[in-house]
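> Sequence first, predicted model second:
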Amino acid sequence: MADEASSVLPHEEPLPPRTDLWTGAAFLVLGLAIVSVAWRMPTFKEQKGEIYTAPGLVPGIYGLVISALSIWLVMRSVRRGRSSAAITSRAAPDGTSNLRLALAAALGLVFCVGLIGHMPFWAAAAVFVTAFIALFEWRKGDAWPRRFLRLGTAALQGLVTGAAVSLVFEKIFYVRLP
Amino acid sequence: MLDSLASFGSAFAGFMSPGVLFTVLWATFLGIVIGALPGLTATMGVALMTTLTFTMPHTHAILVLVCVYVGAIYGGSRSAILLNIPGTPASACSTLDGYPLARQGLAGRAMGISTTGSWLGTLFGTLCVAAFTPVLSEMALKFQSFEFFWIALFGIVIAGTLAGGDPLKGYLAGFLGLWIATIGQEPHYNYQRFAFGSTDLAGGIGLLPALVGAFGVAEVLQAMRGPAVKAVSSKIDSVLPRIRDVFRHWRTILRSGAIGTFIGILPGLGEDTAAWSSYAAARRASKEPEKYGKGSVEGLMSAETGESACVPGAIIPVLTLAVPGSAPAAVLMAAMLIHDLNPGPNLMLQTPEFFYQIVAMLVIADMSKLLFGLTLVRPLLWILLVPRERLMPVVFVLCVVGAYSITSRVFDIYVMLFFGCIGFILRELKFPMAPMILGLVLGDLLEKNLTRGLVLSGGSVVPFFTRPACAVLSAITILSVLWSIPAVNRGMRNLFRRRRVA
């Protein structure tokens, strides 16, 4: 375990070359798009503007640097892919679930786009929190009384969250809510 | 000297009212809770509180943020010790010895060591803030656009090189952040860049919605995807620190304090690098290196002292150069700008009292952290056991409020969502987040000083390399990029090895 101190952190573990290849390609497209848009920006020469203050100069430089770095990433991933000691992707730790991720993202999206602005914020927050807890705590094998209890506590937490956020932010800290 | 002491005294006296002390207590406690809960980080806590406090007077608002920052970095050690999961990335190192100590039935002793180390670390770093900030500010007053350009670029490159992981991805993240900072009206002709006709985009990407998304929403998504956590035990021995532990490891405490503060001063590196570096240095110097990773008191002390000394260290470049030393310090700097404070070399000229107040805030927050560290053991354990299904929706609601409340634009909520997705994907692709945040924060400084420098020199880049400070900064920046190229790195190492043999 002591050796872990000198070993890599979770975000330092290298990815499979194919992943880096696609990442590099995506960044290359972004970098070239930035250069293209920056190139077409006006230079304001007719207003006696100097070329150093042209709006496209700095983003254009950033675009070029991003393109160069992404080419470097692509070339490195190709080289690593060719080597015999290619890195394979590590399995996600036990208990990791992409379904939970998708559900959380979908609920967040519905809250921001579908609920906010269509009802008072406290109500939107209450509905979101209740739905989030109810869906994530839903167990197939549970008896109905237990499910009703969970749903009840979820609704209670939702209402308390909506009321508390409105009270604390609007009444105490004078912050405007969506 | 006496004037300075009197100013420190009056700054402390200004915070000694019951109302302010109550604010200190709740803010520090909130920070500890945020830090202790896996999935919530110091950056996110400071970003959320920035929006909550922006109607407060600036002194109170910054006091709250400093307390949350100090508390959150310390709070991460609770989950590191009891759950083997770092509450914040900064506490990852504390799991190595904290968790084995807890498994040996010494969770209380481990928490006592972490509290003492963290308290002494912040105190050491605060002394450095008091001692070095005026000197560095005076030096920075002589800097012009050329130097500020290099400071901004140096920060992004150093963060990319040393933030951990792949430097190439660090640089990409940094330049991505710099590009995002160019979206909206540019400073010379008010031309709308990358707005594509959208009035919302023409207003630019708000720093806080982007930060809340990249740290808050991305962390909610990560927490919901990952496995659930379990506490190692609910029985805890005494958390009172043993004086013997402090006296026995005084060298480790001083060394880790110095390393943590120094890493804090370097732009963008932050508390996690400080903890790992302090831990590695302590292990190299230790008489018992074999105990490291198996429950070493010295190891835990070094990690905690290093990460907590980094907090004041990261504030030093904010006050002297307007360049943040860590991600939470970047948000703190953004909060100072929102409150019309002017971080950077002019701060000591325009609002010298604020410098003394910051020192007083750090000391008061540190004391408050010590108080909670020694008393609130059981309630913190209960909070740690709150299921993520019940916690994360509340965090998400707070993120939405945080993103919206500064400018009251619904567009900022969409910015938050977008950056939440980007932050999540970039983390999965092993991109460090610190360079991107630094790019976002420093983008404006870099662009303005680059163009101003070019106008002053009539388009010549020579002054960017020949002025003394520029020569040093450019050399370090270029060398650090070259160092990250494996072929150059190998060549340099071989060269030094050959010279040593000769």
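In hand now; what should we look at?

> okay, CA-based contacts and neighbour counts for the rest of this
Noted.

> can you pull the contacts of B:Phe154?
By CA atoms under 8 Å, 6 or more residues apart in numbering or on different chains, the residues touching B:Phe154 are B:473-474, B:476-477.

> and these as TSV, adding pLDDT?
Formatted as TSV, the contacts of B:Phe154 follow (pLDDT from 0 to 100):
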residue	pLDDT
B:Leu473	90
B:Ser474	93
B:Ile476	90
B:Thr477	90
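
> Same list (the residues you listed) but as a markdown table, adding neighbour count, distance to chain A and secondary structure.
A markdown table is the format used below for those (neighbours: other CA atoms under 10 Å in any protein chain shown; distance: CA to the nearest CA, whole Å; DSSP: H, G, I helix; E, B strand; the rest coil):
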| residue | neighbour count | distance to chain A | secondary structure |
| --- | --- | --- | --- |
| B:Leu473 | 21 | 19 | helix |
| B:Ser474 | 20 | 17 | helix |
| B:Ile476 | 15 | 19 | helix |
| B:Thr477 | 21 | 15 | helix |
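
> Between those, which sits nearest B:Phe431?
B:Thr477 (20.1 Å; CA to CA).

> mind listing what the residue nearest the centre of chain B touches?
By CA atoms, centre = their mean, chain B has its centre lying nearest to B:Ser326, at 3.2 Å. By CA under 8 Å, 6+ apart, the contact set of B:Ser326 is B:264, B:267-271, B:314, B:434.

> and these as TSV, adding distance to chain A and secondary structure?
Below are the contacts of B:Ser326 laid out as TSV (distance: CA to the nearest CA, whole Å; DSSP: H, G, I helix; E, B strand; the rest coil):
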residue	distance to chain A	secondary structure
B:Gly264	19	helix
B:Pro267	19	coil
B:Gly268	16	coil
B:Leu269	14	coil
B:Gly270	15	coil
B:Glu271	14	helix
B:Ala314	22	helix
B:Ala434	12	helix
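
> Of these, grab the buried ones for PyMOL.
The buried subset of the contacts of B:Ser326, as determined by 16 or more other CA atoms under 10 Å in any protein chain shown, is captured in PyMOL by this line:
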select buried, chain B and resi 264+267+268+269+270+271+314+434
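
> any idea which of the contacts of B:Ser326 is least confident?
Minimum pLDDT for those is recorded at B:Gly268 (71).

> Phi and psi next, for that residue.
phi 80, psi 0 (degrees, to the nearest 10).

> pretty sure it is touching B:Met436, no?
No - judged on CA atoms under 8 Å, B:Gly268 makes no contact with B:Met436 at a distance of 9.6 Å.

> Give the residue spans of the stretch 1-150 of chain B that score low on pLDDT.
B:1, B:39 (pLDDT under 70).

> again, 80 this time
Residue ranges of the stretch 1-150 of chain B with pLDDT under 80: B:1-4, B:38-40, B:51-52, B:54, B:83-89.

> now, which of the contacts of B:Ser326 sits nearest B:Leu384?
B:Glu271 (21.6 Å).

> any idea how far the one helix or strand in chain A whose mean pLDDT sits lowest is from the chain center?
Least confident helix or strand of chain A, by mean pLDDT, DSSP states H and E, is helix A:144-166 with a mean of 91. Remark: helix A:144-166 is offset 27 Å from the chain centroid, using CA atoms, centre = their mean, to the nearest Å.

> How about stretch A:124-140?
21 Å.

> Kindly tell me how buried B:Met139 is, as a neighbour count.
Look at B:Met139: counted by other CA atoms under 10 Å in any protein chain shown, it has 13 neighbours.

> Oh, that last question was meant for B:Ser91, not what I typed.
By the criterion of other CA under 10 Å, B:Ser91 has 31 neighbours.

> Quick check: which element contains the residue nearest the centre of chain A?
The structure's chain A has its C-alpha centroid closest to A:Ala105; by CA atoms, centre = their mean the separation is 9.4 Å. Using DSSP states H and E, A:Ala105 sits within helix A:98-109.

> which other residues reach the following helix or strand past that helix?
With elements assigned by DSSP H and E, the helix or strand that comes after helix A:98-109 is helix A:121-136. Outside helix A:121-136, the residues within contact range by CA under 8 Å, 6+ apart are A:100, A:104, A:107, A:111, A:115-116, A:150-151, A:154-163, A:165-166, A:177-178, B:389-390, B:393-394, B:397.

> Please pick the buried ones from those residues.
A:100, A:104, A:107, A:111, A:115-116, A:150-151, A:154-155, A:157-163, A:165-166, A:177-178, B:389-390, B:393-394, B:397.
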